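Visitor: Predicted model follows, preceded by the sequence.
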Amino acid sequence: MTTLLNQYKTVKPEDVKTWFKAAKTSDFPVDGGACVLYNDLQVAVYNFNRRREWYASQNLCPHKKQMILSRGMIGSTGDEPKVACPFHKKTFSLKSGKNLNGDECDLATYPVKIENGYVYIGFAE
Amino acid sequence: MKKVIVIGNGMVGYKFCEKLHKADQNSRFSISVYGEEHLPAYDRVHLSEYFTKQSADSLLLASKEWYEEKNIELITGTMVTRIDRENKKIVTHKGTEAHYDILVLATGSVPFVPTISGTDKKGVFVYRTIEDLENIIQFGKEVKSAAVLGGGLLGLEAAKAAFDMGLETHVIEFASRLIPRQLDANGARVLQHELEKLGLTIHLNKSTREISGNGRLDALTFTDNSKLDVDMLIISCGIRPRDELAQKSGLKTGERGGVIVNDLMQTSDPHIFAIGEVALHNNMIYGLVAPGYEMADVVVKQLAGEDKKEFNGFDMSTKLKLIGVEVASFGDALAESSPHRPIIWQDALSGIYKRINISEDGSQLLGGMLVGDAGDYNQLLQITKNNLTLPPNPEDLILGKRAETDAHEGISLPDNAQVCSCEDISKGDIVEAIKAGGLEKLEQVKAVTKACTGCGACTPMVKDIMNDCHKAMGKTVKQTICEHFSYTRQELLDIIKVKKIKSYDDLLNAYGKGDGCEVCKPVIASILASTWNELIVNQDTIQDTNDRFLANIQKGGSYSVVPRIPGGEITPDKLIVIGMVAKKYELYTKITGGQRIDLFGARVDQLPDIWEELINAGFESGHAYGKALRTVKSCVGSSWCRYGLHDSVSFAIRVEERYRGLRAPHKLKSAVSGCRRECAEAQSKDFGIIATEIGWNLYVCGNGGANPQHAVLLAGDLDDETCIKYIDRFLMLYIKTAEPLNRTATWLNKLPGGIDYLKDVVINDSLGIAKQLEQEMQFMIDTYKCEWKEVVNNPSLRARFKHFVNSEETDSNLHYEVVRDQKVPAAWG
């Protein structure tokens, strides 16, 4: 299980080597998430329509190792955009992946770009 | 930069690193920590959880990345073998050397193993490290029985572990009672009785002479010549400080072990400190984690040049759950040497024993113990530690609330009262943090002060302190939903109704701020559903995952499906359909507590297909996923039962079909019993109906769950129509006025005027709203639609039920095992 977790590493915008064309923007629910399969990776993509922003993180909840975060509710605390894990309501920053309820277990995040109505996710390999 | 080396990466060693890093604002220290085990420091206090979770990760206090991030050098799997005090360096078993300016010994302890012949036999274990546990688990799989040598706190922890593995479990104690350092003879007897009821065997006054067996133990022989056949032995007879390194290096140690330290935790070498279980302070070894943390704090404060702090001994009060039985002891629990007057209360029926020791002049609480119910622990501990004035009848302290009172635990405490003993946080610290930071939420108080983050026992007290503090600051303590709406649920419901608002976004734009969150979204989704009764999946991303996918999420991320079976009555044909569907989709099936059948293990993409088949056979959604009406149980009533007074099944079906799909602040359960024998358990429901000779008795506001509460009689001997009318009014009133996630019982407990007021509103229409409530309920009944039917017949809604947005593949992370011929999810991480 830990190895599963290790597959997910944050990709910074400057390190992107591959832009993976995931799906049409309209395939993603408004102000919610959906899961994208990229090779063996499950990436949760969030269409934060209210803020006109898109985010991506690992779909794996780092706490109980469940493939679930794309089904979490999104929102904000202060100005920080966040997602809540459906299992135990731990919340994570969509910007940094940081666990907002404690020090441990942050999420890996990925850059997202929108071109011609399609959602692209950035990977480092 | 000064070099600090910590030997020992246990709980106290870790806490020292954390505290020093936090205090070292100007990076004056570089820290290295050496651990013998391969894992970084883990939570030994909750070691027995490893048995249930089987994962070391969840016990880790911090990951390796944490040490990296904080620039703390972590060297695990390495033993320090020598301290060269002259040259201020340490040498490891690998031959590496390192220089130090400050050395901190946090080497902890090892289990004490008494000299009995046979301790080297196979099957004999100690209980200390994760490795020990792994060995115990491995060995335990092949055997039937286990004995634990030692009936102290740790011994009972070990016994729990063995017991949880399904082994026949024996506890062997040398003294004449269990946990002799914390409990007196009567208290220990109550505890023993409770443990025996669970199936443990306790042997007292037993001194073990020999562990026998051919290579592998098979029996214990005691000095009284009695014998116990057993397959496994866990030794838990206390601890011995790991002071061998200190001894070898010429530091002063105690006769019976431990590195001698002064009040500043300095050893006989002023550059070397000792903290935690290895430190011998005033001839005392502290085998608990809290005093260890306190010692770490004393050293950190010195190094950081903050106000000098001394270690002056530590209160050994403790509260814990031993194999499901709460036990606490505080202050001078046994009061063996001080003159005192004990007050003792014992309830043999419930297995409760409470004792408090009052000073001879009756003015002070010296200490005491609680077995079976430790709910009074915090209050008693505070009174003891702060010498608070006792009430005129001190027995009130343990006899519980005999009169209604809403006294808070926190309010009368002095500022220096310690509230959180894990992190040593006083009431003053909390109040100061709330005032300085303008903290408004418990979560914020936890994050800033770290209170409640250890064992969590102080949470209710911290909440009370926060509320009192807010009141004292003149802040209105308003139960607003979250940071995005400064309204109560009831106010939002009124706004939504009066302004005819039908979507979450419209409400947020007009009456809220920010982007919403996981708290306000489902609350408002629920209000919208309770007001307009529109299809909830039209606004799917404001729903909790259960409501979003109209099914109950389970471990592993699969869902369960519950078709409605009104009143629990089902034809054989329909039973067969459920069986066929379960078989076709390989679902685990189980009868629920509410007379229905739950089908587990459906993938999200299978849900619409499963429901299509169920709907074609005449089923509808059971709303098991919603904060909504769940089930109306029934007994067979007068149609079959020789005692039945009325047809409870027909009435239950009528009630269930009337309120099906009704969304509320929390789930709603009901039942109808055909006579006062009450086989349907209606008095444990949000609304329950029991037949009388001439009609129905209507009970309301009961529930099971964590805090069971009996329903109370709202009205008696009602005819069918009046009974329904009262339920309409009652439910609508609850829906409109309750706080989010409050069941009807909690709602009633908070309702000013209580049940008398409720009767007045529902029966006598004292507010003049009865007609309106009935109309609102009629609207809900008229607009009811089965949500699953809507989804199954709508291709665009159906399309949302898939795991990947860009692939038809299914989640490869779903894993199952087979137990009793059915699948169950693999244990989670």
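Guide: Great, that's in hand.
Visitor: For the residue nearest to A:K113 when sequence neighbours are not counted, list the residues it contacts.
Guide: Distances taken as C-beta to C-beta, 6 or more residues apart in numbering or on different chains place A:Y120 nearest to A:K113, at 4.9 Å, with adjacent residues excluded. Where C-beta positions appear, they are placed from N, C-alpha and C, glycine not excepted. The neighbours of A:Y120, taking C-beta atoms under 8 Å, 6 or more residues apart in numbering or on different chains as the test, are A:19-22, A:112-114.
Visitor: Between which two of the residues you listed is the distance greatest?
Guide: A:F20 and A:I114 (13.2 Å; C-beta to C-beta).
Visitor: quick one, which of these two is more surrounded?
Guide: The neighbour count for A:F20 versus A:I114, taken as other C-beta atoms under 10 Å in any protein chain shown, is higher for A:F20 (17 against 11).
Visitor: Isn't that one up against A:I121?
Guide: Yes: counting by C-beta atoms under 8 Å, A:I121 is a contact partner of A:F20 at 4.9 Å.
Visitor: Nearest spatial neighbour of the most centrally placed residue in chain A, chain-adjacent residues omitted?
Guide: Among the residues of chain A, the one closest to the centroid is A:S57, at 2.1 Å (C-alpha atoms, centre = their mean). Excluding the flanking residues, the one nearest A:S57 by C-beta to C-beta, 6+ apart is A:L107, at 4.4 Å.
Visitor: Identify all contacting residues around stretch B:41-51.
Guide: Residues from elsewhere that reach stretch B:41-51 (C-beta under 8 Å, 6+ apart): B:9-11, B:13-14, B:35, B:56, B:58-62, B:127-128, B:130, B:133, B:137, B:157-158, B:160-161, B:164-165, B:289.
Visitor: got it, and stretch B:320-327?
Guide: B:153, B:156-157, B:159-160, B:163, B:179, B:182-183, B:191, B:194-195, B:198, B:200, B:319, B:328, B:351, B:369-375.
Visitor: Which members of these are classed as buried?
Guide: B:153, B:156-157, B:159-160, B:163, B:179, B:182-183, B:191, B:194-195, B:200, B:319, B:328, B:351, B:369-374 (16 or more other C-beta atoms under 10 Å in any protein chain shown).
Visitor: circling back to that earlier point, any idea of the mean pLDDT for the helix or strand hosting the residue nearest to the centre of chain A?
Guide: Taking DSSP states H and E as the definition, one finds A:S57 inside strand A:53-58. Computed over strand A:53-58, the mean pLDDT rounds to 96.
Visitor: burial measure for residue 29, as a count.
Guide: I went with chain A, as the question did not name one. A:P29, neighbours per other C-beta under 10 Å, totals 17.
Visitor: other chain: chain B
Guide: When neighbours are defined as other C-beta under 10 Å, B:F29 has 20 of them.
Visitor: That one pairs with what?
Guide: For B:F29, the beta-bridge partners under DSSP bridges are B:K2.
Visitor: how far away is the closest residue to A:G97 other than its chain neighbours from A:K98?
Guide: In this structure, A:G97 finds its nearest non-sequential neighbour in A:L107, 3.7 Å apart by C-beta to C-beta, 6+ apart. From A:L107 across to A:K98, the span is 8 Å (C-beta to C-beta, to the nearest Å).
Visitor: Give me the more crowded residue out of the two.
Guide: A:L107 (25 against 18).
Visitor: Wait, the more buried one touches A:A56, no?
Guide: No: counting by C-beta under 8 Å, A:L107 does not reach A:A56; the two are 9.9 Å apart.
Visitor: List the buried residues in the helix or strand of chain A with the lowest mean pLDDT.
Guide: Within chain A, no helix or strand scores below helix A:2-6, which has a mean of 75 by mean pLDDT, DSSP states H and E. For helix A:2-6, burial by neighbour count (16+ other C-beta under 10 Å) applies to A:L5.
Visitor: then the next helix or strand after it to PDB, C-alphas only?
Guide: Using DSSP H and E, the helix or strand that follows helix A:2-6 in sequence is strand A:18-24. C-alpha atoms of strand A:18-24 as PDB (Å, rounded to 0.1, in the frame of the first residue of the first chain):
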ATOM      1  CA  THR A  18       4.200  15.600 -20.800                       C
ATOM      2  CA  TRP A  19       0.800  17.200 -21.100                       C
ATOM      3  CA  PHE A  20      -1.700  14.400 -21.000                       C
ATOM      4  CA  LYS A  21      -5.000  15.100 -22.800                       C
ATOM      5  CA  ALA A  22      -7.500  13.800 -20.300                       C
ATOM      6  CA  ALA A  23     -11.100  14.600 -21.400                       C
ATOM      7  CA  LYS A  24     -13.400  17.400 -22.500                       C
END
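Visitor: If you count contacts, what does strand A:18-24 end up packed against?
Guide: strand A:32-38, strand A:118-123 (3 or more C-beta pairs under 8 Å, 6 or more residues apart in numbering or on different chains; DSSP states H and E).
Visitor: how close does B:D229 sit to B:F163?
Guide: Per C-beta to C-beta, B:D229 is found 18 Å from B:F163.
Visitor: Can you get me a residue count around B:E808?
Guide: Under the criterion other C-beta under 10 Å, the count of neighbours that B:E808 has is 9.
Visitor: just checking, it touches B:R603?
Guide: No: contact criterion C-beta under 8 Å: B:E808 and B:R603 do not qualify, at 11.8 Å.
Visitor: that older thread, so which of the buried ones among the contacts of stretch B:320-327 sit within helices?
Guide: Those of these mapping onto helices are B:153, B:156-157, B:159-160, B:163, B:191, B:194-195, per DSSP state H.
Visitor: And B:I275, its phi and psi?
Guide: phi -140, psi 160 (degrees, to the nearest 10).
Visitor: go on, B:L731?
Guide: Note on B:L731: backbone dihedrals following degrees, to the nearest 10 are phi -70, psi -40.
Visitor: Show the contacting residues for it.
Guide: Shown in contact with B:L731 (C-beta under 8 Å, 6+ apart): B:659, B:662, B:664, B:668, B:687, B:777.
Visitor: Now render those as CSV, adding distance to B:V523, secondary structure and pLDDT.
Guide: What follows is these, written out as CSV (distance: C-beta to C-beta, whole Å; DSSP: H, G, I helix; E, B strand; the rest coil; pLDDT from 0 to 100):
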residue, distance to B:V523, secondary structure, pLDDT
B:Y659, 21, helix, 97
B:L662, 16, coil, 97
B:A664, 12, coil, 96
B:L668, 16, strand, 97
B:F687, 23, strand, 98
B:M777, 21, helix, 97
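Visitor: name the element A:F92 belongs to?
Guide: A:F92 belongs to strand A:91-93 when elements are defined using DSSP H and E.
Visitor: Equivalent analysis for B:S363, please.
Guide: Taking DSSP H and E as the definition, one finds B:S363 inside no helix or strand.
Visitor: can you list the weak-confidence ranges in the chain?
Guide: No chain specified, so I'll use chain A. Applying pLDDT under 70 to chain A flags the ranges A:1-2, A:103.
Visitor: please go with chain B instead
Guide: Scanning chain B with the threshold set as pLDDT under 70 gives B:48, B:51-54, B:400-412, B:453-457, B:460, B:476-479, B:828-829.
Visitor: Show me how it divides into domains.
Guide: Using automatic domain parsing, the domain parsing of chain B gives B:2-110+B:241-303, B:113-237, B:544-621+B:786-793+B:804-829, B:628-783.
Visitor: Verify the stated contact: B:D24 with B:K301.
Guide: No: B:D24 lies out of contact with B:K301 (C-beta under 8 Å); the separation is 11.8 Å.
Visitor: what touches both of these two?
Guide: Counting by C-beta under 8 Å, 6+ apart, no residue touches both B:D24 and B:K301.
Visitor: ok, and the closest non-adjacent residue to B:V581?
Guide: Closest residue to B:V581 apart from its sequence neighbours, by C-beta to C-beta, 6+ apart: B:E613 at 5.3 Å.
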